[in-house]
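Participant: Here is a sequence with its predicted model. Questions after.
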Amino acid sequence: MDQLQQKQEEILGILRDPTLTHEQTVMTLAKAAENLLATPGAPEEYYKLKEAGIICDLFEGNAPYSPRYILPDYEKFFREGSQFLRLAPPTTLLEAITNLLILYHHVPSVTHFPVYIGRIDRLLEPFIEDEASAKPLIKHFLMQIDRTVTDSFCHGDIGPEATRAGRIILECERELQDSTPNLTLLYDPQITPDDFALQCVEAALDCAKPSFANHRMFLSEFGEDYGIASCYNGLPVGGGAYTLTRLVLGKLAETAASREDFFQRALPHAVDVMCRFMDAKIKFLVEETPIFSANFLVKEGLIRRERFNGLFGMVGMNECVNTLMALEGKPDRFGHSEAADALGVEIMEAIDALVKAHKNPYCEFWNGSFILHAQVGIAQDQGISPGTRIAIGEEIPLYDHLRQAGLFHKYFPSGTGDIFPFDATSARNPAAVLDVIKGAFQVGIRYFSTYSSDSDVIRITGYLVKKSDIEKLEQNQQVVNDTVFLGMGAKHNGHILDRKVRSL
Amino acid sequence: MIAPVNKIIDHSVVDGPGNRTAVFFQGCPFRCQYCHNPETMALCTHCGACVSACPAGALSLREGKVHWEEALCVGCDSCLRACPHLSSPKVKEMTVEEILLRIQQNRPFIRGITCSGGECTLYAGFMAELFAKTKAMGLTNLIDSNGILDFSQADALLEHADGVMLDIKCFDRAGHIRLTGKDNDLVLQNAAYLARRGLLPEVRTVIIPGVLPNEETVALVSRLLAPYQANGPIRYKLIAFRPMGVREEFRSFPVPSRAEMESLATLAREQGMADVAIV
C-alpha cells in the first residue's frame, strides 16, 4: 500500500468509528491532516529517540498552530470587554457568565477546548447579589461547561479567600457530579479559613474536586498572576505554554550501560535532543503561524507572547531509579530505600541543571529556559509511572509517602502532584484529611488531590473521569467527553483503580 | 518512666477531632462483655500458650518470657485468639521518649494525640509526663477513658489535657456491674466533674437492644450532662453494637436497627443534648 492509500485508510477508519461523536470525528480528522506534515526543523536524533519510546510528543501534532495551553487574562476581559466578540464589560451575573461562556468557545489549545477558565470565584463574586438567585445561574454555568467543553483538561481555580461564589461553586459541583471543569483550591492555610478549606475537602471526597495547590509555593515562583490549568499545571495568566514534550526516564535508563553512562551520556544527550525538538516546534508556532500576530486574544491583550514558555516534561522516575539500581546489582526500589530516593534527587538535580542551561529565544518569562513539568502519563503507558510518583501497587505508608513525594515537588513549577484516595471512614472526618493536607504542604508537597474510594467521579492521573462513563465506553457506547477514552486506557494499562486507598 | 503499650496508630480519624496519633495502653480493670478488643484487658503472664499458635514463628519463649519478633509477624492475630488471659504477646514496654519519637515523626500531619486502651488512666503519671511534652509541641491531648480514675484528684494529668472522652456504659449501678464487673459510682461522679470543668468533649454509650437498659441510660446520662453544656460542648455518641472482635460467648448479642438508634438519639436531644451522633 502506498502512503496516500495508507492515509486514506486512516481517514476512513476515523469516519467509521462508532464510538466517536461528531465533534470527536472532526477533531481526529484535523489531527490526521496536521500530521501529514513533519515538524519543520526537528533534529534527526529526535526520531530515533521517539522510535525508542524515550521522547514522546504526547500526540501534540507535528505542526502546532496553537499554543498547547492558553490562560487568558479574564479579569482584563471583564474590565474591558472584547471588540472582536462585540461584548461590553459585564454588569450582572448573567452577563458575566454569558461573556465567559462566549470567550471560552474562542480559546484555542492543544485539545481545541479552553484548558483554563479562570479564577471563577473571584470573577463571579462581584456580581452576586444574593445566594438564592445566584446559585441556579452558577449551576447552569458549570453544567454548560461540562457538556460543551467535552474534555476534562479544563481547569478552574478558586480561593485562597473564601467567597460566596466559591461556596456556591462547591455546592453545585457536589450536586452535579461532573468531571469538567477540573477545579483547584489555591490554598494557603494562613489566608484560607478552615471552614472553607473543610468545605473543599468534603467536596473533594464527594466529587473528586477541588485539588489543593500550595499557593505560597506557586506565588514565590510565578507571582500573583498565575493559574492552574489542564491537569495541575502552574502557568502565568495572560500567557501559557507553547508545547509540552516528555522524556520517558524509565526507557532512557534501559539504554544506559551503567549509572555513570546514564549521567554522562544518555541523559545529557536525550535532554539536548528534546530541547532542540521543542525549539523547532516553538519556532514554527511563533514564526510560521499567525496565532501571535492575528488572533484577537493577542490583539486585545488577553494574552502576550512573552508570557508563554515551553514545558519540559518527564515521566517514569520510579522505573528509572529501579533500573539504574538493578544495573549496580542493588535491590533498592524507589520509595522504599533512602539510596533509591537519593538517586532520584540526583537525577532531578541533573535534569534541572541541563534544562536550565538550554536557552530558547522565546522563553523570556522563565529566564530563557523551559519549565520542568512532571507529566502524569498517557493512556498507552504501561510500566511507566507518572512524573516522580511511586508506582501504583508499591505505595508506602501515608506520612512516609508524602515526605518522599515532597523531595521532588519543588522541581516542577509547571506542575506535579500526588493522589491519595481515602476510604469511607476517613470521608466522615474531613477535618482529619485537612490536617494531612496542611502537613503535606509543610513537607514540600506542591499539589494534593484526593477522592473517596466510592465516588463516581475519580481522578485518573491528573484529569477527572466518571467511572460510569468508562463502563459505557467499554460497551462501545458514545460518551460526550473525549477524555473518557484516556481514562479507559489508564484503567486497563495504568491500573489506576488499584491505587492504594488510604484509611486514616 | 515505662508503660505497656498495645499499639500506636499513627493516623486515626475516630479518636477525637481531626487527624490524631492514638496510643493504646495495655490493661483494663473492666471486663465488658461487648469489648471489641479484649486482648487489651490484661498484662501478659508469659504462660506461652500463644507460642505454638503462631504460624510465622514470630513467637518464642526465652528465659520464661514470651518474645515477639516483630519483623516475622504477619499480623494474623492467631496469638490473640490463643491467649487464655485476654492479653497479647505483642505489647511493648515503652518509655515516654520512645512514644515521643514516634509522635515527632507524625508531627506535621496531626493536630493532637489520644491516649486510649485498655484503660490508659492506669498509667496517669506516665501520661502526665507525655502530655507535658506533646503540649509543648503544639499538639492537643485527649484521654479516652472508662472513668475509673478519680479525675477530681488528677490535676497533674488534667493540667495538659484538652479533654476526656468518657464511656458511660450503663447508668443503672447493678446493670453496670453485670456488664463490666465493676460499679459506676466513680464513672458518674467523673462525668459531672469533667462536664463542669468543660473537659468532657464526648461521652459514649454502646447500645445493645434487649441486653442493656438503653433508653434509661441515654435519658439519664443526657439529663445529668445537659446543664453543663454551657461550660463546654459535649457530644453524646451512641454506638451501635457490632460483633467484630468481640469474644465468642458475647458475639451473638443483637445489633440495633437504624430506627432504634435514631429514636435513642431523639431521646437524648429531648433531654437537652445539643450534639448527638450515631456511629
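Facilitator: Yep, that arrived. Source: prediction; values computed, not measured.
Participant: near chain A, which residues of chain B show up?
Facilitator: Residues of chain B lying near chain A by C-beta under 8 Å from any C-beta of the partner chain: B:10-14, B:17-20, B:105-111. The way it works is simple: take the backbone N, C-alpha and C, and place the C-beta from them, glycine included.
Participant: List just the nearest of those residues to A:Leu302.
Facilitator: The closest of those to A:Leu302 turns out to be B:Pro108 (C-beta to C-beta; 40.3 Å).
Participant: which of the residues of chain B next to chain A are buried?
Facilitator: B:10-13, B:17-20, B:106, B:108-111 (16 or more other C-beta atoms under 10 Å in any protein chain shown).
Participant: Can you tell me which of the residues of chain B next to chain A has the lowest confidence score?
Facilitator: In terms of pLDDT, the lowest of the residues of chain B next to chain A is B:Val14, showing 81.
Participant: Just say helix, strand or coil for it.
Facilitator: coil (DSSP: H, G, I helix; E, B strand; the rest coil).
Participant: correct me, but it touches A:Asn429?
Facilitator: Yes - with contact defined as C-beta atoms under 8 Å, B:Val14 reaches A:Asn429; the gap is 7.3 Å.
Participant: contacting residues for A:Ile445?
Facilitator: Neighbouring residues of A:Ile445 by C-beta atoms under 8 Å, 6 or more residues apart in numbering or on different chains: A:214, A:402, A:405-406, A:409, A:418.
Participant: can we see that at 7 Å?
Facilitator: With contact set as C-beta atoms under 7 Å, 6 or more residues apart in numbering or on different chains, A:Ile445 has these partners: A:214, A:402, A:405-406, A:409.
Participant: before we move on, what about A:Ile158?
Facilitator: By C-beta under 7 Å, 6+ apart, the contact set of A:Ile158 is A:119-121, A:166, A:169, A:183, A:185, A:210.
Participant: Among these, which are located in strands?
Facilitator: Counting by DSSP state E, the part of these found in strands is A:119, A:183, A:185.
Participant: Out of the residues you listed, which is nearest to chain B?
Facilitator: Proximity of these to chain B (C-beta to the nearest C-beta) peaks at A:Leu185, which lies at 18.4 Å.
Participant: Redo the ones in strands among the contacts of A:Ile158 as CSV? Include pLDDT.
Facilitator: Formatted as CSV, the ones in strands among the contacts of A:Ile158 follow (pLDDT from 0 to 100):
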residue, pLDDT
A:Arg119, 98
A:Leu183, 97
A:Leu185, 98
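Participant: Of those, which is the nearest to A:Lys50?
Facilitator: Using C-beta to C-beta, A:Leu183 comes nearest to A:Lys50 of the ones in strands among the contacts of A:Ile158, at 34.2 Å.
Participant: ok, so what distance separates that closest one from A:Ile496?
Facilitator: 19 Å (C-beta to C-beta, to the nearest Å).
Participant: Over to A:Glu288?
Facilitator: Taking C-beta to C-beta, one finds A:Glu288 at 38 Å from A:Ile496.
Participant: Please apply the same query to B:Phe253.
Facilitator: B:Phe253 sits 42 Å away from A:Ile496, taking C-beta to C-beta as the criterion.
Participant: From the structure, what's the count of residues near A:Glu254?
Facilitator: As a burial measure, A:Glu254 scores 17 neighbours (other C-beta atoms under 10 Å in any protein chain shown).
Participant: what's the answer for B:Gly272, then?
Facilitator: By the criterion of other C-beta under 10 Å, B:Gly272 has 12 neighbours.
Participant: Tell me how many other residues crowd the nearest residue to it once chain neighbours are set aside.
Facilitator: Leaving aside its chain neighbours, B:Gly272 sits nearest to B:Ala226 (3.1 Å; criterion: C-beta to C-beta, 6 or more residues apart in numbering or on different chains). Look at B:Ala226: counted by other C-beta under 10 Å, it has 18 neighbours.
Participant: now the one 5 residues further on
Facilitator: One way to gauge burial is a neighbour count; for B:Asn231, by other C-beta under 10 Å, it gives 14.
Participant: Hmm, B:Gly198 and it touching each other?
Facilitator: Yes - B:Asn231 lies in contact with B:Gly198 (C-beta atoms under 7 Å); the separation is 4.1 Å.
Participant: Contacts only, for residue 195.
Facilitator: You didn't pick a chain, so chain A it is. Residues in contact with A:Asp195 (C-beta under 7 Å, 6+ apart): none are found.
Participant: wrong one, chain B
Facilitator: B:225, B:228, B:231, B:234.
Participant: Under a three-state scheme, what state does it occupy?
Facilitator: helix.
Participant: what about chain A, any weak spots by pLDDT?
Facilitator: A:1, A:504 (pLDDT under 70).
Participant: Alongside chain B, which residues does it contribute?
Facilitator: Counting by C-beta under 7 Å from any C-beta of the partner chain, chain A comes close to chain B at A:398-399, A:425-426, A:429, A:431-432, A:435-436, A:439, A:442-443, A:504.
Participant: quick one: which of the residues you listed is nearest B:Phe241?
Facilitator: A:Thr425 (17.9 Å).
Participant: Surely B:Cys50 touches B:Asp77?
Facilitator: No - look at B:Cys50 against B:Asp77 with C-beta under 7 Å: they stay out of range, at 10.3 Å.
Participant: More neighbours: which of those two?
Facilitator: Neighbour count, other C-beta under 10 Å: between B:Cys50 and B:Asp77, B:Cys50 has more, with 26 against 14.
Participant: Report the residue ranges of every domain in the chain.
Facilitator: The chain I'm using is chain A. What automatic domain parsing lists as the domains of chain A is A:1-36, A:41-66+A:249-410, A:72-232+A:417-504.
Participant: you looked at the wrong chain, it should be chain B
Facilitator: According to automatic domain parsing, chain B comprises the domains B:2-38+B:92-278, B:44-82.
Participant: Could you check the last one and say which residues are buried?
Facilitator: When burial is assessed from 16+ other C-beta under 10 Å, domain B:44-82 yields the following buried residues: B:44, B:46, B:49-51, B:53-54, B:58-59, B:66, B:68, B:73, B:78-80.
Participant: In strands, which of these appear?
Facilitator: Mapping those onto strands (DSSP E) picks out B:59, B:66, B:68.
Participant: From the residues you listed, pick the one nearest B:Glu248.
Facilitator: Ranked by distance to B:Glu248 (C-beta to C-beta), these are led by B:Leu59 at 22.1 Å.
Participant: quick one: which of the contacts of A:Ile445 is nearest to chain B?
Facilitator: Nearest to chain B among those, counting by C-beta to the nearest C-beta, is A:Leu402 at 7.3 Å.
Participant: As CSV, the buried ones among the residues of chain B next to chain A with secondary structure would be great.
Facilitator: Converted to CSV, those look like this (three-state DSSP):
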residue, secondary structure
B:Asp10, strand
B:His11, strand
B:Ser12, strand
B:Val13, coil
B:Pro17, coil
B:Gly18, coil
B:Asn19, coil
B:Arg20, strand
B:Asn106, helix
B:Pro108, helix
B:Phe109, helix
B:Ile110, coil
B:Arg111, coil
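Participant: and of the residues you listed, the nearest to A:Pro126?
Facilitator: The closest of those to A:Pro126 turns out to be B:Gly18 (C-beta to C-beta; 34.5 Å).
Participant: Need phi/psi at B:Thr134.
Facilitator: The phi and psi values for B:Thr134, taken as degrees, to the nearest 10, are phi -70, psi -30.
Participant: show me where the stretch 51-200 of chain A has helices.
Facilitator: For the stretch 51-200 of chain A, helices defined by DSSP state H, counting those that start in this stretch occupy the ranges A:74-80, A:93-105, A:120-124, A:131-148, A:164-176, A:194-207.
Participant: wait, I meant the stretch 151-279 of chain B
Facilitator: B:155-158, B:173-180, B:185-196, B:214-225, B:258-270.
Participant: and if you look at the stretch 201-350 of chain A?
Facilitator: Per DSSP H, counting those that start in this stretch, the stretch 201-350 of chain A carries helices over the ranges A:215-222, A:249-254, A:259-261, A:267-283, A:291-294, A:296-299, A:317-327, A:338-357.
Participant: To A:Ser66, which of those lies closest?
Facilitator: Evaluated over the helices of the stretch 201-350 of chain A, closeness to A:Ser66 peaks at helix A:291-294, with 5.9 Å, by C-beta to C-beta.
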